Structures are given as structure tokens and as C-alpha cells.
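S.K.: mind folding the following:
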Amino acid sequence: MSKPSDPDRPGRGHRAPRAEVVRELRRVNRALRVLGECNQALVRSAAEPALLADVCRILVEHGGYRMAWIGYAETEPEKVVRPMAKAGDDDGYLDGAHIGWADDERGHGPSGEAIRTGVAQVNRDFRSNPSMAPWRAEALRRGFESSVAIPFGGDEAPRGVLCVYAAEPDAFDVAELHLLEELAFDVAFGIATLRSREAHRRAEAMVARLAYFDTLTGLANRTQLLERIARAIGEARRTGGCLAMLTLNVNRFDDIQVGLGMREGDDVLRQLAARLAAALGEGEFLARIGGDVFGVLVEGGEADCARATAERLHAALAEPFRAAGILLDVQARIGAALYPDHGADGEALLLRSNIACREARHSSLGLAVYSGATDEENPRRLALIGELRRAIADGELALHYQPKVALRTGRVVGVEALVRWRHPVHGLVAPAEFIPAAERTGLIKPLTARVLDTALEQSRRWAERGIESRVAINISPSSLRDPEFPARVAEALRKRGSGPGRLTFELTESTLVEDPARSLEALTRLRELGIAICIDDFGTGYSSLSYIATLPIQGLKIDRSFVAGMLANASVRSVVEATISLARALQIRVVAEGVETIEQRHALERLGCDEIQGYLVGVPMAAEDLERWVLERSARAAEASGED
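M.R.: Numbers count the residues shown, from 1 in each chain. The predicted model follows:
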């Protein structure tokens, strides 16, 4: 920062009188004391207002100045300097000062000039300085004889000014001014640091809330519900008690969404959540499991308690709901499962209460308690498990590939490999039916090996045809826990002659936190092979910012539920924005999945998202279909470029 000129100071050829030397030394010493005390305040302060107040107080108490204040430059609605903190003999001076930084009379005082020019401004004498006319009378009445205004600001700190007032004329020499300028620089640095910390705290709080709460309704989410069930089961085991798990599903909710729209459907869900919460009593815990499905844990509840709770929940829905200006009759079905009769853990109770919920469609009361007669783990599922081993060995499983596109360039930068099982009898079997079964029975190991081998071979073939694209594969928790998994991946890469740069592993947050230490070790070994790591469905699991920062990851994938709700729900949009900001801070890429509309694409592009995946870009395709799709897309792009 340039220094104001001072022609009245003695030159090298003159010796200043002893009294003047002593006075200058005192000034410098007080500035040094102030600087030291303020630096301690910078270290101690946890909030911006407290920091500003401490700096002003120290200037007055330790520096002996008459008054000190700090102001921020505002542009709207007009260029004013808004005082943020003050100390000393103000006596209402700042309230009526009306200090600005526009090019007018009240903007040509020291504060306004300092902000406008970026150069410190010294007012040596209120009595004789013509620019002090608007403030002279009030300043002299309070004993202000001279002042200095020092600008500060930066990329993270606001544009502002530090103002110090003295009780004597010509109170600020060059050495003292230099130290006060250093103080102003430190203040700007302190403000920027505190704002950065606050931004990180807000982002971490948002991620923490995201891990345990539903963004639409504010209720607990599935993760928190499972933890609550686990604690309740632990207590029940200790005391010999029981509990009930209820699943509530809204009847024909799809009709509400189609007829009224997504926004009105979300409004109905919020109203529904509020009514259900109001109907619950002590020992009952409500969560939104997903979509139009809610869960209620009844601690210490048997079948009769479950029925009583279900009756209260049905009664809460008796009054019509209002949405889009019309009244809606919203009804629901409820299924119940009991511990220990129907399951020994949260996942089992949720599964069986959901099965009972489907059976409740046939009940006149809209309620069913799990009986086991319709458990989907029985005939068909057991038969599928038996046939899955053969399907893996015989190559009956196939991979489809869904493209990922860079938002900035529109270029295809990767694909996600999605396993498909076309059963000779049952037709296309959804992954949700056989992947969990493979995980439980140990078949996930040969299944993952088959998927990896197929994806690497296909990637090599595409590369030979000039299509360079990373292939992303979803990795299960058991694979990450397997200490031999990285070695098998290395062998697959060697066998297929495929570079690791073409491979990405996607893992969910819940997979990573099952065993954090082992997860970090496995990911480190995989990263050493050159494989990129991406956290899938980010925001739906348990992770914290501190844990994410320790992982050798190269990408975050925003869950489709947030993409779907970001345009209609400001809270969901904030979550998406925070996730992208987090990725920027960690210097990793961020991918949004489930992008279906051009409006979603534009919104993500404005927020700085790197890549998108979803039906707007392309559906999952067989390898040969994807190859044609990529080549046709490239040809159209080349043709369009030629026309331009």
C-alpha cells in the first residue's frame, strides 16, 4: 500500500528536537502494543463481530486513541460506509456522521477517499482541513483533533476501512501509520479466515444433517432409523423386551404427482409428515424411508401396540389435505413386523414390515402384520440364488453402459457399467433382486470378477476403435473388505492389458464407513494401481467432511434424489450447491446422476458441476449400441463445428 506524502517531517540533514523524538517513539511504541494485542485477538476470536469489537477496544485501551471504528463499504442502495464496530468517545458521533464513499461531499472525507483510492488517508487537523467541514463541529465537540483512515479488503474479506481518532493534532507519523496499516492488513486476513471457517462449518453441518435427516420433510432418514432400531434392539435384548417396526406407504401417490405435479406432491408429503409426527406418542420414532414411504419404530411394542399406533396414524390422515387449491383424500396402508419374532436386526424388520405393507392392500383396515407366508426370500428368491451361480459361470449376465458427459464441453468422458440378468424364464431380473442375494451368499465375489473382466475387455475394444472413455464399476462392501481384492484387480488389469486410467470404482458412503480403517487401506492400494475412486450417492450416507478429506478419492456423485428435487426445493438446491463447493475445496470432480431435464442441466452447469449422467444424456445401452451412439454424437458435433 502506498504511503501518504509528508513534507513537514525533518530530512536527513536535520536533527529533530529531543521532545519530538520522544513523542515519535511513544507513538511507535503504542502502535506496537496495539499490534501485538490485536494479533492475540486475531488468534482468539471465533466470530467476526467479536474480532472487530476487540480491535477497536484495543486501539482505545492500549493505544490511547480517542476513538476507533471499523466500517464496511456498501454499494446498495447507495455508497455508504456502514460502521460494524466501535470503541471510545463516540457519544453518537457515527450515528449522525452519514459517511459515504461516493464522489460527493460526504464521500470525500478520509474514510471515503481511503475506500475509493485504496490509499491510507491522514487528517492532520479537523480545524483546518477543508474536507472535514461536514463533520468538524461534532468532531471538535467530542475532542477529536486528527484522524487516520486505512482501507482493507481482499478476495475473501469485505471492502472496508479502519478509522482511528486522536485527541491532538498531527498525531500520526510515518512509522506509526506503517504499523496501523499492518494492523488493517491483519484485520482483513482475520475476517477472511473467520469467514472461511464459518463456510466450512456450514458445509460440514449440512453434510452431517444430510447423513441423518430427510431434506424434504425434515424427518429422520433411513440411516438414522436403522441406528435407532439397532439401539432399541440392544436394549430389548438386555431387558427381554420387544419392539415393532411399522412401514406406511401412501396409496396411489403416483396419481397425485402426475395429476398435480412434483411440487404439489412434495407439499402433500410435508403435510403428511407433520400429521404423522403429531400423532406419535412417547417411545415412537418417525422417519421418511424414501419416496412416499415412512417408517415408525414403536419401542417396547407388541402386535397390539403396533395396531394401536397404526390406528392413530390412519386417524391422522382422515381429514382432507389441501394442495394446488383443492382438497385431497389421502389414504395409506401400513405393515408391521415385530422383534424378535420377525427379525433380529433393522434391515430384516424393515424388509418384513415392507412385505406386510404390500399385503395391507388386501386388508379392509389398511393394516397387516407380517406372517411370513409371502416372504419374497422364500420360493422365487431362493430359486434365483441357486440359479445365479450358474448364470455367472455361463456368462448369462450382461453389462449395459450409461454415458457421462462433461458439462463444459459436451464430450462423453465416461460410462457406468450396469449389470443385467435376462433370465430364460423370468425375463429381465432387476439388480435389486439378485445383487443383495449375491452379497449375502458370497456370490458377489465371482459376480464382481465377471463384471470387472467384461468391462476391461470392452474398454480395450473401444480404445482400439478410437473411443477413449473411463468405465465406472460399482464395488460392494464385501469386495472392499476383502484383503485380496486389490491384488485381483491388478491381475485383471494385467490379464486384459488395460490401463488403469480407463477404470473408475464407485462406492457408496455406507460402504466406506462400515470399516473406515480397512476402507482407507483398500482405497489407497487401489489408487496406487492408478484406479480413480468416486463416492456414489453422495449425501445419503454417514460420512463427515473430516473423513472424506482423508480418502484418496477423485470424484463425488450427487444422488439422483437431490437432482430431482433441486429445482422445486431451495433446501435441496442448497445441498447440491454445498456438495459442489465441497468437491471444489477438495479439488475433485463432481458428477450429478439422474439428470432428466434441460432445466436440471442448466442449473447444475450454473452451480459448477463437472459431469452429468441420466436419461437426458443417454439411457443404459448394450456395448455395441453405445459405440454407435458415441460415434454418431461425435459425427454430429464435427458437422456442427464445420458449419460454424
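
S.K.: please name the nearest non-neighbouring residue to Ser131.
M.R.: Among residues not flanking Ser131 along the chain, His108 sits closest, at 5.3 Å (CB to CB, 6 or more residues apart in numbering). Placement of C-beta: from N, CA and C, glycine included.

S.K.: need the longest helix for this protein.
M.R.: In the chain, assigned by DSSP state H, the helix with the most residues is helix 174-212.

S.K.: how far away from the center of its chain is it?
M.R.: Centroid separation between helix 174-212 and its chain, computed with CA atoms, centre = their mean, to the nearest Å, is 20 Å.

S.K.: so how far is the following helix or strand past it off the chain centroid?
M.R.: Downstream of helix 174-212, the first helix or strand assigned by DSSP states H and E is helix 222-239. How far helix 222-239 lies from its chain's middle: 28 Å, per CA atoms, centre = their mean.

S.K.: and helix 222-239, what does it pack against?
M.R.: Contact here means 3 or more CB pairs under 8 Å, 6 or more residues apart in numbering; DSSP states H and E; on that basis helix 222-239 packs against helix 174-212, strand 243-250, strand 284-290, strand 293-299, strand 332-339, helix 346-359.

S.K.: hey, what's the angle from the longest helix of the chain to helix 222-239? Just curious.
M.R.: Put simply, helix 174-212 runs at 60 degrees to helix 222-239, going by axes from the mean of the first three to the mean of the last three CA atoms, to 10 degrees.

S.K.: may I see the buried residues of helix 174-212?
M.R.: Using 16 or more other CB atoms under 10 Å as the test for burial, helix 174-212 gives 176-177, 179-188, 190-194, 203-204, 206-207, 209-212.

S.K.: could you pull up the mean pLDDT of it?
M.R.: Per-residue pLDDT over helix 174-212 has a mean of 84.

S.K.: what does stretch 636-644 give?
M.R.: Mean pLDDT, computed over stretch 636-644, is 64.

S.K.: before we move on, what about stretch 216-233?
M.R.: 92.

S.K.: what's it in contact with?
M.R.: Stretch 216-233 has contacts (CB atoms under 8 Å, 6 or more residues apart in numbering) with 211-214, 243, 245, 266, 269-270, 273, 277, 285-290, 294-295, 297, 299, 339, 344-347, 349-350, 510, 540-542, 565, 569, 571-572.

S.K.: of the residues you listed, buried ones?
M.R.: 211-214, 243, 245, 266, 269, 273, 277, 285-289, 294-295, 297, 299, 339, 346, 349-350, 510, 540-542, 565, 569, 572.

S.K.: let's have the helices and strands packed on helix 222-239 in a markdown table, adding distance to Leu456.
M.R.: As requested, the helices and strands packed on helix 222-239 are exported to a markdown table (distance: least, CB to CB, whole Å):
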| stretch | distance to Leu456 |
| --- | --- |
| helix 174-212 | 34 |
| strand 243-250 | 41 |
| strand 284-290 | 34 |
| strand 293-299 | 38 |
| strand 332-339 | 42 |
| helix 346-359 | 33 |
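
S.K.: out of the ones you listed, flag the one nearest Leu32.
M.R.: helix 174-212 (6.4 Å; CB to CB).

S.K.: what's the angle between the closest one and strand 284-290?
M.R.: 90 degrees.

S.K.: packing partners of helix 174-212?
M.R.: helix 18-44, helix 48-61, strand 146-152, strand 160-166, helix 222-239, helix 545-548, helix 570-586.

S.K.: how about low-confidence regions in the protein?
M.R.: 1-25, 27-28, 208, 372-383, 440, 513-515, 539-547, 638, 640-644 (pLDDT under 70).

S.K.: partner strands of the lengthiest strand in the chain, with direction?
M.R.: With secondary structure taken from DSSP state E, the chain has its longest strand at strand 412-423. Sheet pairing here is set by DSSP bridges, and for strand 412-423 it gives strand 397-406 (antiparallel), strand 427-429 (antiparallel), strand 470-474 (parallel).

S.K.: so which of those gets nearest Val60?
M.R.: From these, taking CB to CB, the stretch that ends up closest is strand 397-406, at 56.1 Å.

S.K.: centre of the chain versus the closest one, how much separation?
M.R.: That offset, for strand 397-406, works out to 26 Å (CA atoms, centre = their mean).

S.K.: give me the contact list for that strand.
M.R.: Counting by CB under 8 Å, 6+ apart, 391, 411-422, 447, 450-451, 454-455, 458, 469, 471-472, 591, 610-613, 617-623, 626, 629-630 sit against strand 397-406.

S.K.: need the buried ones from the residues you listed selected in PyMOL.
M.R.: Of the contacts of strand 397-406, the buried ones can be selected in PyMOL as follows, counting by 16+ other CB under 10 Å:
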select buried, resi 391+412+413+414+415+416+417+418+419+421+447+450+451+454+455+458+469+471+472+591+610+611+612+613+617+618+620+621+623+626+629+630
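
S.K.: show me the contacts for Arg390.
M.R.: Residues in contact with Arg390 (CB under 8 Å, 6+ apart) are Glu396.

S.K.: element containing it, please.
M.R.: helix 379-393.

S.K.: you'd agree Leu313 is up against Gly295?
M.R.: No. Judged on CB atoms under 8 Å, Leu313 makes no contact with Gly295 at a distance of 11.3 Å.

S.K.: between those two, what contacts are shared?
M.R.: Leu246, Leu248.

S.K.: Tyr65 reaches Tyr165, doesn't it?
M.R.: Yes. Counting by CB under 8 Å, Tyr165 is a contact partner of Tyr65 at 6.3 Å.

S.K.: overlap of the contact sets of those two?
M.R.: With CB under 8 Å, 6+ apart, Tyr65 and Tyr165 have common neighbours Gly88.

S.K.: surely Arg361 meets Ile334?
M.R.: No. Look at Arg361 against Ile334 with CB under 8 Å: they stay out of range, at 10.9 Å.

S.K.: in terms of neighbours, single out the busier of those two.
M.R.: A count of neighbours by other CB atoms under 10 Å puts Ile334 above the other of Arg361 and Ile334, at 27 against 12.

S.K.: so what's the more buried one up against?
M.R.: Contacts of Ile334 (CB under 8 Å, 6+ apart): Leu246, Thr247, Leu248, Asn249, Ala310, Leu313, His314, Cys357, Ala360, Gly366, Leu367, Ala368.

S.K.: give me that answer again for 7 Å
M.R.: Ile334 makes contact with Leu246, Thr247, Leu248, Ala310, Leu313, Cys357, Ala360, Gly366, Leu367, according to CB atoms under 7 Å, 6 or more residues apart in numbering.

S.K.: identify the bridge partners of it.
M.R.: Bridge pairing for Ile334 - DSSP bridges - gives Leu248, Leu367.

S.K.: any idea how far it is from Glu491?
M.R.: For Ile334, the distance to Glu491 (CB to CB, to the nearest Å) stands at 51 Å.

S.K.: likewise Arg307?
M.R.: Arg307 sits 56 Å away from Glu491, going by CB to CB.

S.K.: the two - which one has more neighbours?
M.R.: Shown here are Arg307 and Glu491; by other CB under 10 Å, Arg307 has more neighbours (18 against 12).

S.K.: and that one, how far from Glu484?
M.R.: Distance from Arg307 to Glu484, by CB to CB: 50 Å.

S.K.: can you check Asn354 too?
M.R.: For Asn354, the distance to Glu484 - CB to CB - is 35 Å.

S.K.: who's more crowded, those two?
M.R.: Each of Asn354 and Glu484 has its neighbours counted (other CB under 10 Å); Asn354 has more, 20 against 10.

S.K.: give the closest residue to the more buried one in space, chain neighbours not counted.
M.R.: Nearest non-adjacent residue to Asn354 (CB to CB, 6+ apart): Thr247, at 4.9 Å.

S.K.: and the one you found, what is it in contact with?
M.R.: The contact partners of Thr247, taken as CB under 7 Å, 6+ apart, are Val293, Gly295, Ile334, Gly335, Ser353, Asn354, Cys357.
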